[in-house]
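Visitor: Take this sequence and fold it.
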Amino acid sequence: MPFSKRIFPSQVRSDVYEIERLYQTYSDDLYRYVFSLTLNHYQTEDIVSQTFLVAIRAIEKFRGDSSIKSWLIGIARHEYFAYIKKNPSIYSLDHVPEMATISQVDNTTEEVLKFIQTFETPAKEILILRLINQLSFVEIGSILKRSENYCRVNFFRNRQKLAHLLKDDSIN
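Guide: From the prediction side, this is the model:
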């Protein structure tokens, strides 16, 4: 059952059942999004946990302009960048992903994520939000504070680059 503005802001903060339902409904989506950025299970768990803490504290600020999923991904995005600022040494160029330890990611997804990590931040996020989290361009635009058209064009161009990289890799 989806959350509605009617019950969501006023009741979630004090209702343990609603908090648990919020977590059960969106934790997998947030995990996939954050993991595709960090490629590290433990860092992902830290960031997802922090995302839910921030969301519960700020529940009254949810205006309903976007879906709750988009709102939570926006918070997760902010928490990811905050985590990088606090731990800059973790994200050096020598960062080696530990994807083999995550059973939720198959080999094809692993290869795609490795290539996506080579893209610059806006392109990387748009690819992840569209391919991994299957968000609409409107939702992606809302999260990244960009226009829907910007997200579409960026996705199309970078999807072609990604396909080219994957094709070249399969030849070698």
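Visitor: from here on, contacts and neighbour counts on C-alpha atoms
Guide: OK.
Visitor: for this structure, where's the lowest mean pLDDT among helices and strands?
Guide: The helix or strand of the chain with the lowest confidence, counting by mean pLDDT, DSSP states H and E, is helix 8-12 at a mean of 51.
Visitor: Check which element follows that helix along the chain.
Guide: helix 16-38 (DSSP states H and E).
Visitor: how far does the helix or strand following that following helix sit from the chain's center?
Guide: With elements assigned by DSSP H and E, the helix or strand that comes after helix 16-38 is helix 41-57. Mean-position distance between helix 41-57 and its chain equals 12 Å (CA atoms, centre = their mean, to the nearest Å).
Visitor: Compute the inter-axis angle for the next helix or strand after helix 41-57 and helix 41-57.
Guide: For helix 41-57, the following helix or strand on the C-terminal side (DSSP H and E) is helix 68-86. Helix 68-86 and helix 41-57 are oriented at 120 degrees to each other (axes from the mean of the first three to the mean of the last three CA atoms, to 10 degrees).
Visitor: buried sites along helix 68-86?
Guide: Buried residues in helix 68-86, counting neighbours by 16 or more other CA atoms under 10 Å, are found at 68-77, 79-80, 83.
Visitor: what's that helix packed up against?
Guide: Counting contacts by 3 or more CA pairs under 8 Å, 6 or more residues apart in numbering; DSSP states H and E, helix 68-86 is packed against helix 16-38, helix 41-57, helix 137-144.
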